[in-house]
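1. Quick one, what's the 3D model for this:
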Amino acid sequence: YQALIDRAPRDAPYLLNLARDVELDATLVIPSGLTVVIRGSHARNKTVLSGQRPPPIASGDLPNVRHFDVQGGASLHLSNLILADGRLFAGEPEDCGGSVVVRRGGHLTAQYTTFKRNEAQKGGAICFESDGSLELLAVSMIENEAIEAHDIYLGRPSRPPASVDLLGVTLSSAEEEGAL
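-> The predicted model follows:
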């Protein structure tokens, strides 16, 4: 999928319709200047986009596969998806966004999407740095884990995001400042 994204024209939104479940083995990077729209099947049977499954218990090492890295100046639109089992724990205190990280100036819109069992230091599901926009419509957060902000981490509290719109969003938890 990364090769398709890298070859996408920058003059119009690039549409990916996913008719079946997808298991990622690497983070998909949405580069600056590109708008990507990813649609799952229909609302009743959402398409699952998952990070690598945990390895057998004997190995003990869990892979680090975040679903998306939205660069500044890029836009990602998600609908009818389940983003499951994303993980980012490389041991750095800045590890943020187990499923999606939205860099400064990036944009994320998700509708009819579920973020499930994602993990990171900060923002188990979503890490949203400031100066961009975050729009969530009819989104569910289920069993996401993080040391700080299980579901959504909103950058540094001293630099709030430019725009955050939430409508019909179910969060599994809410803790400290800078977290949802």
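2. Alpha carbons only: can I get the helix or strand bottoming out on mean pLDDT in the chain in PDB?
-> Ranked by mean pLDDT, DSSP states H and E, the helix or strand of the chain with the weakest confidence is strand 163-167, at a mean of 80. Provided in PDB are the C-alpha atoms of strand 163-167 (Å, rounded to 0.1, in the frame of the first residue of the first chain):
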ATOM      1  CA  SER A 163      -9.000  22.500  15.500                       C
ATOM      2  CA  VAL A 164     -10.500  19.500  17.200                       C
ATOM      3  CA  ASP A 165     -14.100  18.400  16.300                       C
ATOM      4  CA  LEU A 166     -15.700  15.400  18.000                       C
ATOM      5  CA  LEU A 167     -19.300  14.300  17.300                       C
END
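3. please begin residue numbering at 43 from this point
-> Taking 43 as the first residue, the last one we looked at is strand 205-209.
4. Just the residues contacting that strand, thanks.
-> Strand 205-209 is contacted by residues 170, 174, 175, 176, 177, 178, 179, 180, 181, 196, 222 when judged by CB atoms under 8 Å, 6 or more residues apart in numbering. Every C-beta, even on glycine, is put in place using the N, C-alpha and C of the backbone.
5. Could you give the backbone dihedrals for the second one?
-> The one in question is residue 174. The phi and psi values for residue 174, taken as degrees, to the nearest 10, are phi -140, psi -150.
6. And for it, the neighbour number?
-> Residues near residue 174, counting by other CB atoms under 10 Å, number 23.
7. Against residue 114, how distant is it?
-> 7 Å (CB to CB, to the nearest Å).
8. re earlier: tell me which two of the contacts of strand 205-209 sit farthest apart.
-> 174 and 180 (20.8 Å; CB to CB).
9. so where do the helices sit in this protein?
-> Ranges of helices within the chain are 44-49, based on DSSP state H.
10. which residues of it score low on pLDDT?
-> 85, 94-105, 132-136, 198-204, 215-222 (pLDDT under 70).
11. Need the residue closest to the centroid of it.
-> Centroid check for the chain by CA atoms, centre = their mean gives residue 142 as the closest residue, at 2.3 Å.
12. Who are the contact partners of that residue?
-> Contacts of residue 142 (CB under 8 Å, 6+ apart): 108, 109, 110, 111, 112, 118, 125, 128, 150, 167, 168, 169.
13. Please name the bridge partners of the nearest residue to it once chain neighbours are set aside.
-> Using CB to CB, 6 or more residues apart in numbering and skipping residues adjacent in sequence, the residue nearest residue 142 is residue 110, 4.6 Å away. As for beta bridges, residue 110 partners with residue 70, residue 142 under DSSP bridges.
14. measure residue 110 to residue 193 for me?
-> On the measure of CB to CB, residue 110 and residue 193 end up 16 Å apart.
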